[in-house]
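Sequence first, then the predicted structure, then my questions.
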Amino acid sequence: MKNVLTLLALAFGLLGMSQILATEEESVPICTLGGTCESQTWGVDAATIADYPAPNVNPLPVNEQRLYDRRYRRVTTPVDIFDVPNGNIVGGLPAGFNFVTVLNEQDGWAQIDTNKWVRADALNTDVALSRFTGIMLPEEPLPYTVAWVLTHLRAAKTPGGAASDANPFLWRYTLVSIYSTVEVDGWRWYQIGEDQWVKQTQVAKVLPVERFDEIDTERWISIDLYEQVLIAYEGNRPVFATLISSGLEKWTTNEGLFHVYIRYPRTIMSGADGLPEFYYLEEVPWTMYYDNDIAIHGAYWHDGFGYRRSRGCVNASITDAAWLYEWSAPEFDFSVANDTGPAIYVYSSGDYR
């Protein structure tokens, strides 16, 4: 029955999204390099941009306490685990993508759990406590699509053009509005300012989807694998959006309609025992499982949000993951056995290239 509902949800959900994209497609002019792109003026005028110079959204404040309440360390080599410094070996970690949290340090040893110590020189601070946060969305729909810049850049002066030193330097994660769209040789170019154009691969757009009947919770989440954007909704209204990192091609994140079925403020994640892809991650924060062993959770080991890079899970910054964890709480009834949490709708708004 669940599989039938998932297929129905995909059908209704993708139909709603295709209608949004079709509307956008109808209004997108097409030009070619060396031709109409250079011979015509595209986009909205300076006065229009001056009336709405920046997206009317509020970034979520960085949660300093939660961001720095652990000392995360990467394990650089295979290690033995001892019960006390120079004591008995009680376990070990093979080579892999391994991270631990340090509780205490003593004479060249690091305590990683109760009665668990490793040599401190096997650890380093190769972690990435991202200060990126998502945005709270206003009640009224935004006049223009909001997006994040994904790389440090200077925009081109024309669609399809080269980066221009005449345009301001934009840092990664800068919020921009998309005022106009032009297709150049099969790629979309977005106007983000006066004489400022960026290629579609340089930004991630917030594209809310319409709620469909199979979404049976008041609070629910959509995850756009194409844009790498997660949006939280209350009823029909999008209230929060952020960048995520979903699964790489080898470990794709499944599309479909799911529900959060269990969650943990901190949990250990481990897998691929005996393989080169082995990983062990201590105290993964603010974890919500929704598709077997796939979860939305905070990631302290990278700052690459907006790009695919996980082994199937949906990575978010620690601040964002904590917000989602607490925001979703009203959907759980802990007095009901096996109660499920918010609906999670995972889809792709475009074809990944």
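Done, it's in. Numbers count the residues shown, from 1 in each chain.

hey, let's count contacts and neighbours off CA atoms from now on
Fine.

can you list the weak-confidence ranges in this protein?
Across the chain, the ranges flagged by pLDDT under 70 are 1-27, 33-40, 334-338.

One more pass at 90, please.
For the chain, the stretches with pLDDT under 90 are 1-43, 125-128, 250, 271-277, 330-340, 351-353.

Would you enumerate the residues in contact with V84?
115-117 (Cα atoms under 8 Å, 6 or more residues apart in numbering).

D195: which of these is nearest?
Set against D195, the nearest of the contacts of V84 by Cα to Cα is W117 (57.8 Å).

quick one: the closest one and R308, what's the gap?
Distance, W117 to R308, using Cα to Cα, to the nearest Å: 34 Å.

okay, now the domains of the protein?
Domain segmentation of the chain under automatic domain parsing yields 8-56+138-205, 69-124.

quick one, longest strand in the chain?
strand 279-291 (DSSP state E).

got TSV for the contacts of V84, with distance to W187, secondary structure and neighbour count too?
Putting these into TSV (distance: Cα to Cα, whole Å; DSSP: H, G, I helix; E, B strand; the rest coil; neighbours: other Cα atoms under 10 Å) gives the following:
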residue	distance to W187	secondary structure	neighbour count
N115	56	coil	13
K116	53	strand	20
W117	53	strand	28
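
bridging residues for the residue lying closest to V127 once chain neighbours are set aside?
Leaving out its chain neighbours, the residue that sits closest to V127 by Cα to Cα, 6 or more residues apart in numbering is W301, at 4.7 Å. W301 has these beta-bridge partners by DSSP bridges: A128.

what's the answer for R73, then?
Here R73, judged by DSSP bridges, has bridge partners V100.

so what's it up against?
Here R73 is in contact with 99-102, 123-127 (Cα under 8 Å, 6+ apart).

When you filter these down to buried only, what's left?
99-102, 123, 127 (16 or more other Cα atoms under 10 Å).

name the element Y190 belongs to?
Assessed by DSSP states H and E, Y190 sits inside strand 187-193.

which residues touch the spatially most central residue of the chain?
In the chain, the centroid-proximal residue (Cα atoms, centre = their mean) is I244; its distance is 0.5 Å. Contacts for I244 (Cα under 8 Å, 6+ apart) come out as 228-230, 305-307, 314-317.

do that again at 7 Å, thanks
Contact partners of I244, counting by Cα atoms under 7 Å, 6 or more residues apart in numbering, are 228-230, 305-306, 314-316.

Kindly report the same for L103.
111-113.

how about 6 Å then?
L103 is in contact with 111-112, counting by Cα atoms under 6 Å, 6 or more residues apart in numbering.

and if you look at A155?
Per Cα under 6 Å, 6+ apart, neighbours of A155: 163, 196-198.

which of those residues lies closest to A147?
Closest approach between these and A147, by Cα to Cα: V198, at 11.3 Å.

Shouldn't the closest one be within a strand?
Yes: counting by DSSP: H, G, I helix; E, B strand; the rest coil, V198 is part of a strand.

Surely it and W189 touch.
Yes: between V198 and W189 a contact is recorded at 5.4 Å, counting by Cα atoms under 6 Å.

hang on, the earlier thing: which positions in the strand holding Y190 come out as buried?
188-193.

likewise stretch 89-99?
For stretch 89-99, by 16+ other Cα under 10 Å, it's 93-99.

Mind listing residues that contact it?
73-75, 77-82, 278-281.

Any idea how far apart the tips of it sit?
Start-to-end, stretch 89-99 (Cα to Cα) is 19 Å.

Next, work out how far apart the closest residue to D126 other than its chain neighbours and N124 are.
Nearest in space to D126, with sequence neighbours left out and distances taken as Cα to Cα, 6+ apart, is R74 at 5.8 Å. R74 sits at a distance of 5 Å from N124 (criterion: Cα to Cα).

now E326
As for E326, its distance to N124 is 31 Å (criterion: Cα to Cα).

can you check R266 too?
With Cα to Cα as the criterion, R266 and N124 are 21 Å apart.

for A163, same thing?
Between A163 and N124 the distance is 37 Å, computed by Cα to Cα.

Next: H152.
H152 is 27 Å from N124, by Cα to Cα.
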